[in-house]
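Engineer: below is the sequence, then the predicted model.
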Amino acid sequence: MGGLTDHLGLEATGALVVPFGSGATQLLVRTILDVGINAISCTPPIRHV
């Protein structure tokens, strides 16, 4: 739930949230450059035991 609470909290501050998962690194970098993103917030993956 960490990602969801981060997402909602950031939106509540007026931030534009662009959710991305792992595995699309080139698309993520292109989006960062195209949109002009100036901050990134990340949550670690959940490790299954």
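Structural biologist: Received the coordinates, thanks. Residues are numbered from 1 along each chain as shown.

Engineer: grab the most central residue of the chain for me.
Structural biologist: Nearest residue to the geometric centre of the chain (C-alpha atoms, centre = their mean): residue 19, 4.3 Å.

Engineer: so it sits against residue 6, correct?
Structural biologist: No: contact between residue 19 and residue 6 fails when scored by C-beta atoms under 8 Å: they sit 9.9 Å apart. Just so you know, the C-beta spots here come from the backbone N, C-alpha and C atoms, and that holds for glycine as well.

Engineer: that older thread, mind listing what the residue nearest to the centre of the chain touches?
Structural biologist: The contact partners of residue 19, by C-beta atoms under 8 Å, 6 or more residues apart in numbering, come to 3, 7.

Engineer: quick one, strands of this protein?
Structural biologist: For the chain, applying DSSP state E gives no strands.

Engineer: show me the helices in it, by range?
Structural biologist: Here the chain has its helices, by DSSP state H, at 2-12, 25-35.

Engineer: Serialize these to CSV and add fields for mean neighbour count.
Structural biologist: Output for the helices of the chain, formatted as CSV (neighbours: other C-beta atoms under 10 Å):
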stretch, mean neighbour count
helix 2-12, 12
helix 25-35, 11
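
Engineer: wait, which of those is closest to residue 44?
Structural biologist: Between residue 44 and these, the shortest separation by C-beta to C-beta is 8.3 Å, and it involves helix 2-12.

Engineer: which other residues reach the closest one?
Structural biologist: For helix 2-12, contacts defined as C-beta under 8 Å, 6+ apart pick out 17, 19, 41, 43.

Engineer: shaky segments in this structure?
Structural biologist: Residues of the chain that meet the criterion pLDDT under 70 lie in 1-2, 48-49.

Engineer: now with 90, please.
Structural biologist: Counting by pLDDT under 90, the ranges of the chain that qualify are 1-7, 16, 18-25, 28, 35-38, 40-49.
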